[in-house]
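Chemist: missing the sequence, but the structure's below:
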């Protein structure tokens, strides 16, 4: 276990040292997320990387061919070392630790915006820009739709939830009226 933590730290620090801009972070982060998803969802990919009968150079060669045009170069190099050391089982933890390190280094806030309907790109840009100015950080933002919301927004910035949804306002009013 202690050895795994050391490896996770080494891999995530290598990636963090390589990112110097928000765009670098987004590129590495999305590549890591996609690789994690592929390992989780596709049994054939997972089995291939865990196989003891496939030579390491074959794994690395196929991996490079598959991602050479779509993945950040530094991430490819780090993942080649991960594959070579048979550490693909650590990728999820490496991704989480990398995100935490880069969040501090690059002053990034993680934001989730939930609305009752799909927003157009102008609305999303306006919200992104306003939130970035408000928290004085670059933001990594996800937009989601919850049809159960009547109106308004739920915005989660890192660990803080701002709920201006009509549903919550009605529930608060109801509880105040019941208390009267």
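Modeler: Done, it's in. Not measured: the values here are computed from a predicted model. Numbers count the residues shown, from 1 in each chain.

Chemist: Okay, strands next: where are they in this protein?
Modeler: In the chain, the segments counted as strands under DSSP state E are 108-115, 138-145, 153-157, 160-163.

Chemist: quick one: which of the ones you listed is nearest residue 125?
Modeler: Residue 125 lies closest to strand 138-145 among these, at 10.2 Å (Cβ to Cβ). In this view, the C-beta of every residue, glycine as well, is placed from N, C-alpha and C.

Chemist: Buried residues, the closest one. List them.
Modeler: By 16 or more other Cβ atoms under 10 Å, the buried positions in strand 138-145 come out as 138-141.

Chemist: Now tell me what touches that strand from outside.
Modeler: For strand 138-145, contacts defined as Cβ atoms under 8 Å, 6 or more residues apart in numbering pick out 22, 25-26, 29, 106-119, 124, 127-128, 131-132, 157.

Chemist: Of those residues, just the buried ones, ChimeraX syntax please.
Modeler: Burial among the contacts of strand 138-145 is assessed by 16+ other Cβ under 10 Å; the matching ChimeraX selection reads:
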select :22,25,26,29,106,108,109,111,113,114,115,116,127,131,157
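
Chemist: hey, which helix is longest across this protein?
Modeler: helix 22-41 (DSSP state H).
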